[in-house]
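Q: Provided below for reference: sequence and predicted model.
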Amino acid sequence: MKYEGMIYRPPSEANSLILQVAVGCSYNKCTFCHSFQGKSFRIKSFEEIKEDIDEAGGYGRIPRVFLADGDALIIPQEDLVKILSYLKLKIRGLERVGIYANAVDVLKKSVEELRELKELGLGIIYLGLESGNPEVLKRIKKNATAEQMVRAAKRVKEAGIILSVTVLLGIGGVELSRAHAEDTGKVLSEMDPEYVGALSLMIVPGTPIAQAIESGKLVLPNPFELIRELGLMIANCRFTKCFFASNHASNYLPLRIRMPEEKERALGLIREVLQKNDPSLLRPEYMRAL
Ligand code: SF4
C-alpha cells in the first residue's frame with residue numbers, strides 16, 4: 001500500500017485497511033487542525049488506487065476499509081462509484097467502508113447519490129461538527145454553518161448510512177464555554193447521529209489557534225471546566241439512539257454512554273466528579289494524547 005504523509009483515521013477504524021484515495025484535506029483552513037498541514041490536496045488517480053486495491057486483494061479477508069485522507073467524500077460521484085465497485089469486486093469479506101466528510105461534501109451529493117454509495121458498501125460517514133455555536137464555528141473558520149451540518153446529517157441518515165459526529169471540548173475557550181456546550185448539545189440532537197465522539201482540544205504548535213492562545217485572545221478551560229462543559233453538552237442532547245463516547249485519549253474523563261438510557265447515570269457521575277474536585281479522578285496529563 002502506498003501512503004503519502006501522515007495518515008489519520010477515526011479510532012473506531014483501528015482495525016480497518018486504510019486505503020488512501022486522496023491526499024490531504026480540500027479545505028485545510030480550520031484554525032485548530034494540524035492534520036494535513038503541508039499536504040497539497042489531490043485526488044489520486046484510479047490507476048494508483050487500483051494498484052493498492054489489487055495488492056489488498058491478496059491479503060485475505062478484510063471486513064472493513066477506511067478511505068483516507070481528510071474529506072474523501074469530495075471525490076466526484078462517478079469516481080467514488082468506480083472505487084467502491086472495485087473494492088467490492090476485489091476484497092474478500094468486505095462488510096463496510098468508512099470515509100471522512102465535511103458538511104459541504106455531503107450537501108454536494110443528493111440522497112440518491114448517497115444511496116448509490118451505500119449500495120456499493122459505504123456504511124459510515126465521519127463528520128466533524130466541532131461546535132454547534134455559530135460564533136465558535138466562525139472563529140475556528142469551519143467551512144459550514146450549524147444549519148448546513150444538520151441538513152448534511154439528515155441527508156446521510158435518509159440515505160441509510162451510519163453517521164458518526166465529532167465535537168471538540170474547549171474549542172470555545174472560557175468565554176464561550178457555556179454557549180458552546182448548550183448549542184452543541186442542541187445541534188447534535190437535531191443531527192441525531194448513531195455515534196458521537198467528544199474530544200478535548202489539544203493544541204498543536206504552529207496552528208492559528210495556538211497563536212490565539214499565545215496572544216491571550218483565547219483562554220482554554222481548565223480540566224474541571226471541560227468536564228462541566230461535557231456535562232452541559234450531554235444535558236442538552238436528546239437522541240433517538242446514540243452511542244456517545246468521551247473515551248478518546250485527549251479527554252480527562254473517559255465515558256461511554258448509551259443514550260438515552262444511560263444519560264442520567266452519566267450526568268450523575270459528572271456531578272460527582274465536579275463536586276469532589278479531585279484531580280486524581282481524572283486522566284493524568286502525561287497520558288493525554290491527540
Ligand atoms: S475540514 Fe477537517 S481535516 Fe479539513 S482542516 Fe477542517 S478539521 Fe482539518
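A: In hand now; what should we look at? All figures in this text were calculated on a predicted structure; none of them were measured in a lab.

Q: Now the element after the helix or strand harbouring E225, going C-ward?
A: Using DSSP states H and E, the element containing E225 is helix 223-235. Counting by DSSP H and E, the next helix or strand C-terminal to helix 223-235 is strand 242-245.

Q: helices or strands next to that following strand in the packing?
A: Using 3 or more CB pairs under 8 Å, 6 or more residues apart in numbering; DSSP states H and E, the elements in contact with strand 242-245 are strand 195-200, strand 256-259. C-beta coordinates here come from the backbone N, C-alpha and C atoms, glycine included.

Q: Could you tell me how many residues sit around M287?
A: By other CB atoms under 10 Å, the residues close to M287 number 9.

Q: who's in contact with it?
A: A249 (CB atoms under 8 Å, 6 or more residues apart in numbering).

Q: I'd like the average pLDDT over the helix holding E225.
A: Mean per-residue pLDDT for helix 223-235: 97.

Q: what's the helix or strand for D183?
A: Using DSSP H and E, D183 falls within helix 177-191.

Q: Verify the contact between A146 and A179 for me.
A: No: A146 is not in contact with A179 according to CB atoms under 8 Å; the separation is 12.0 Å.

Q: Look at those two and report which has more neighbours.
A: A146 (22 against 17).

Q: residue contacts, the more buried one?
A: L129, G132, N133, P134, L137, D183, V187.

Q: Count the residues that sit near the fourth one.
A: The number of residues packed around P134, counting by other CB under 10 Å, is 14.

Q: do you know how far it is from the ligand?
A: Distance, P134 to the ligand, using CB to the nearest ligand atom, to the nearest Å: 17 Å.

Q: touching the ligand at all, stretch 116-127?
A: No: Stretch 116-127 is not in contact with the ligand by CB under 6 Å from any ligand atom; minimum separation 9.3 Å.
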